[in-house]
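**Student:** show me the folded form of this:
(2 chains)
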Amino acid sequence: MNREAKFMIEKTKLPSKRPSRRTVSRRTLLGGLGAAAGVAAVGLPAIKTRAAEPLKVGVYGGYFQESFDKFIFPDFTAATGIEVESVAEPTGEAWLVQLEQAARAGRAPADVNMMAQTPMLKGQSTELWVPLDPAKLPHMENLLEQFVHTYPDGRIDGIGAVAWYITLVSNTDVFAEAPTSWADMWAEDKRDTLGLLALATNSFLLEITAETHFGGQDILGSEEGILEVLGKLAELKPNVKLWYRDEGQFQQALQTGEIPMGQYYHDVAGLAAAEGFPVRSTFPKEGGVNDSGSWAVTRASTMIEEAHVFIDYMCQPEIQASLSRNVGTAPTVRRDLLDLTEEEFSAVASDIPPIVPNYQMYAERGDWLEQQWIETITS
Amino acid sequence: MRSTDTGRTPRTLADHAPVIYPALMLLVFFVVPFGIMVTISFFERVPGGFYQPTFTFDNYGRFLSAFFGNVLGFSLGLSALAAVICVGLGFPFTYLLTRLARRRQILWLVFLLSVLSLSEVIVGFAWSTLLSRSAGLSNLLVAVGLLEQPESWSPGFAALLVGMCYLAFPYTVLLLYPTLVRLDRELVEAAMTMGASPLRAFFTVVVGASRNAILSGLILAFVFTLGIYLLPQLLGRPQHWTISVMITDQAIFQSNLPFGAAMALFLMLVSLSLVGLTLLLGRRRAA
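**Tutor:** Residues are numbered from 1 along each chain as shown, chains lettered A, B, ... in the order given. Predicted structure coming up:
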């Protein structure tokens, strides 16, 4: 939900900002047209021989769906001859519930689905995801390791689809110096100045606290450890002015300096800065939080072959670069394979090793953790 | 329908026909969803998954803790306070409104009705801006010299209370209006002829004659503000998050529908019994 909201905000602001990043440059446009025309000629017979049924791809509704419909799916059909029908899916776990119920009835609302990481893990308990065949995914080798999702026994069930960063943001009018570490949030002079995400599962503050003050996430392996981290996190409370669920709420306050510091989405903060607002996004030395969605195929799908073709297509560096330029997501493939310029890359990602959220913790201790969390921050 | 038919108790199917449609709608869109909610509240939550149909009191059990007791207590107190403020301001306001010329009354009522078209989100964002340091009302106070420098008044308890009252105020006025506009003015005049001061006449005659409307206004504002779940997130701090916020968190963010449903039912039962108690006390006093 948050992710969609974020992209909706971004979308509404698109026309006025950073045209270089958002519009396709002439070079890529011409190249794309040529390629499209070329494969269209080759791919045409394939379309005819195929059944009329398209491959249904579930993407977060709103900005994501529109962007994929515009920048990704037409080229994919041109390159492979496989027709795609995009399906708007809700973010969060609602789609998992629908997929699961449909699969029990043997139906697939969408064949390939963009899934957040915790629902990915939850779907494993019912074997909802079709194990993917690495032999049919030659481009998988391009991926950064955190973007290959597996069952506990090693079978692959998800491949990174889109990724984004949560970083430390600050108002440049209020703080002349950029912060360098997440630890700056705990500083005495930050009293009543922070805006943080309100839930354990979308703020990833436990991971941030563990990496910043406990030398890594090992401590999150036990309940005692988690409580210790929560204790350290509780020290932050006097410094937090707003615990937000809605991103628009914080962005406004960040831009005006009302709440001059906090955690936020790197690319949206970058767009705000490009529009002239006194906002900066910093990758702290501990790393930005790298959250992502995976492509996963429901077991009710009858188009497993086509699904593999699609997922493999999405792992190509050119496609990932196109996503970064046009949609604003962080690439899932290694940087050395990308033709992104320094500016284009830093607009969506960083070379500093990221903090990868501890999704296993949420899947295993969800209710307990959530109760501890809410009691800690509301007390 | 012939005039002789009115007052006859309906017997045939044709007599019942007019209520079939609304009854059906009520069944489909209210009774059935409510039944589903009651059912789900007894289902078992599958951690890391969904829920499965069993019969368990666990969801209610989890709610019976000091933590949720505090949240519930705060929510009820906040709503009661908001209701008292709404009626406290709304009653004199409506009384004065009914004494205006008809035309101006209509203008005011249209204005109040149009406020109802604003969503909770818009109201919340508007108030958080109005109460902010950078763009808020405190800048005006600085301009007229009442304040040294602009202050931030949101998020906080007062900000939340203001937002809640803003949402519930139009409803309160619209509920009080029919009673007050029908109030015979000669009653007040009679009281004053007998030597009562205007203030005394207002409190003894106007307030006294409107006891039921005041009670309904309090109940409406109380129940209405109890269901507000966005304002506490926008205008409150975590300790001001109400039970409605917790229900939203469970239903939307934690996918724990059984627990969300159990909390919602519990909240409904508690508020219903409070409303019942209020009515009972009101009746006893009136008798």
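**Student:** who in the stretch 51-200 of chain A is up against chain B?
**Tutor:** Counting by C-beta under 8 Å from any C-beta of the partner chain, the residues of the stretch 51-200 of chain A close to chain B are A:92, A:93, A:94, A:96, A:97, A:100, A:121, A:122, A:125, A:126, A:198, A:199. The C-beta positions use only the backbone N, C-alpha and C, and glycine is treated the same way.
**Student:** and if we set it to 7 Å?
**Tutor:** Listed as neighbours of chain B in the stretch 51-200 of chain A under the rule C-beta under 7 Å from any C-beta of the partner chain: A:93, A:97, A:100, A:122, A:125, A:199.
**Student:** out of these, who's nearest chain B?
**Tutor:** Closest to chain B out of those is residue A:93 (4.2 Å), distances taken as C-beta to the nearest C-beta.
**Student:** what's the burial count for that closest one?
**Tutor:** Residue A:93: 24 surrounding residues under other C-beta atoms under 10 Å in any protein chain shown.
**Student:** buried residues, stretch B:267-280. List them.
**Tutor:** The neighbour-count check on stretch B:267-280 (16 or more other C-beta atoms under 10 Å in any protein chain shown) flags B:267, B:271, B:274, B:275 as buried.
**Student:** nearest to chain A among the residues you listed?
**Tutor:** For the buried residues of stretch B:267-280, with chain A as the reference and C-beta to the nearest C-beta as the criterion, the closest is residue B:267, at 16.7 Å.
**Student:** so the closest one touches residue B:242, yeah?
**Tutor:** No - counting by C-beta atoms under 7 Å, residue B:267 stays clear of residue B:242, with 9.5 Å between them.
**Student:** which helix or strand contains the most centrally placed residue in chain B?
**Tutor:** Nearest residue to the geometric centre of chain B (C-alpha atoms, centre = their mean): residue B:224, 1.9 Å. Using DSSP states H and E, residue B:224 falls within helix B:211-226.
**Student:** which secondary structure elements does the next helix or strand after that helix contact?
**Tutor:** Downstream of helix B:211-226, the next assigned helix or strand under DSSP H and E is helix B:231-235. On a contact count with 3 or more C-beta pairs under 7 Å, 6 or more residues apart in numbering or on different chains; DSSP states H and E, helix B:231-235 meets helix B:120-130, helix B:157-182.
**Student:** which among the ones you listed is found nearest to chain A?
**Tutor:** Chain A lies closest to helix B:120-130 among these, at 7.3 Å (C-beta to the nearest C-beta).
**Student:** between the closest one and helix B:157-182, how many degrees?
**Tutor:** Orientation check (axes from the mean of the first three to the mean of the last three C-alpha atoms, to 10 degrees): helix B:120-130 against helix B:157-182 gives 120 degrees.
**Student:** model confidence over helix B:120-130, on average?
**Tutor:** Across helix B:120-130, pLDDT averages out at 92.
**Student:** number of residues surrounding the closest residue to chain A within the stretch 1-150 of chain B?
**Tutor:** For the stretch 1-150 of chain B, the residue closest to chain A is residue B:134, as judged by C-beta to the nearest C-beta, at 4.2 Å. Residues near residue B:134, counting by other C-beta under 10 Å, number 16.
**Student:** list the contacts of it.
**Tutor:** Neighbour list for residue B:134: A:256, A:257, A:258 [criterion: C-beta atoms under 7 Å, 6 or more residues apart in numbering or on different chains].
**Student:** check whether the last one really touches residue B:133, as I assumed.
**Tutor:** Yes - when contacts are counted by C-beta under 7 Å, residue A:258 is listed as touching residue B:133 (5.9 Å).
**Student:** interface residues of the stretch 51-200 of chain B facing chain A?
**Tutor:** Counting by C-beta under 7 Å from any C-beta, the stretch 51-200 of chain B sits next to chain A at B:67, B:132, B:133, B:134, B:135, B:152, B:155.
**Student:** buried sites along stretch A:322-341?
**Tutor:** Within stretch A:322-341, judged by 16+ other C-beta under 10 Å, the buried ones are A:322-333, A:337-338, A:340.
**Student:** report the two of those separated the most.
**Tutor:** Using C-beta to C-beta, the pair of the buried residues of stretch A:322-341 lying farthest apart is A:328 and A:337, separated by 19.3 Å.
**Student:** where does the residue lying closest to residue A:328 once chain neighbours are set aside fall, phi/psi-wise?
**Tutor:** Nearest residue to residue A:328, sequence neighbours excluded (C-beta to C-beta, 6 or more residues apart in numbering or on different chains): residue A:267, at 4.4 Å. The phi/psi pair for residue A:267 (degrees, to the nearest 10) reads phi -70, psi -40.
**Student:** on that earlier part again, what do residue A:258 and residue B:133 both touch?
**Tutor:** Common contact partners of residue A:258 and residue B:133 (C-beta under 7 Å, 6+ apart): residue B:152.
**Student:** and residue B:281, how many neighbours?
**Tutor:** 11.
**Student:** just the element for it, please.
**Tutor:** helix B:257-286.
**Student:** for that helix, give the mean pLDDT please.
**Tutor:** For helix B:257-286, mean pLDDT is 87.
**Student:** one more: stretch B:204-216?
**Tutor:** The average pLDDT within stretch B:204-216 is 90.
**Student:** give me the number of residues near residue 284?
**Tutor:** No chain was given, so I picked chain A. Neighbour tally, residue A:284, other C-beta under 10 Å: 24.
**Student:** not quite, go with chain B.
**Tutor:** Neighbours of residue B:284 under the rule other C-beta under 10 Å: 8.
**Student:** any idea how far residue B:109 is from it?
**Tutor:** Distance of residue B:284 to residue B:109, given as C-beta to C-beta, to the nearest Å: 34 Å.
**Student:** please apply the same query to residue B:153.
**Tutor:** For residue B:153, the distance to residue B:109 - C-beta to C-beta - is 30 Å.
**Student:** between the two, which is the more surrounded one?
**Tutor:** Shown here are residue B:153 and residue B:109; by other C-beta under 10 Å, residue B:153 has more neighbours (19 against 15).
**Student:** if I pick the more buried one, what's in contact with it?
**Tutor:** Residue B:153 sits in contact with B:131, B:136, B:138, B:159, where contact means C-beta under 7 Å, 6+ apart.
**Student:** could you find the closest non-adjacent residue to the second one?
**Tutor:** With C-beta to C-beta, 6+ apart as the criterion, residue B:136 has its nearest non-adjacent residue at 5.3 Å, and that residue is residue B:130.
**Student:** mean pLDDT per helix and strand in chain B: which one sits at the bottom?
**Tutor:** Lowest mean confidence among the helices and strands of chain B (mean pLDDT, DSSP states H and E): strand B:51-52, at a mean of 80.
**Student:** show me what that strand is packed up against.
**Tutor:** Here strand B:51-52 touches strand B:44-45, going by 3+ C-beta pairs under 7 Å, 6+ apart.
**Student:** at 10 Å instead, please
**Tutor:** The helices and strands touching strand B:51-52, judged by 3 or more C-beta pairs under 10 Å, 6 or more residues apart in numbering or on different chains; DSSP states H and E, are strand B:44-45, helix B:257-286.
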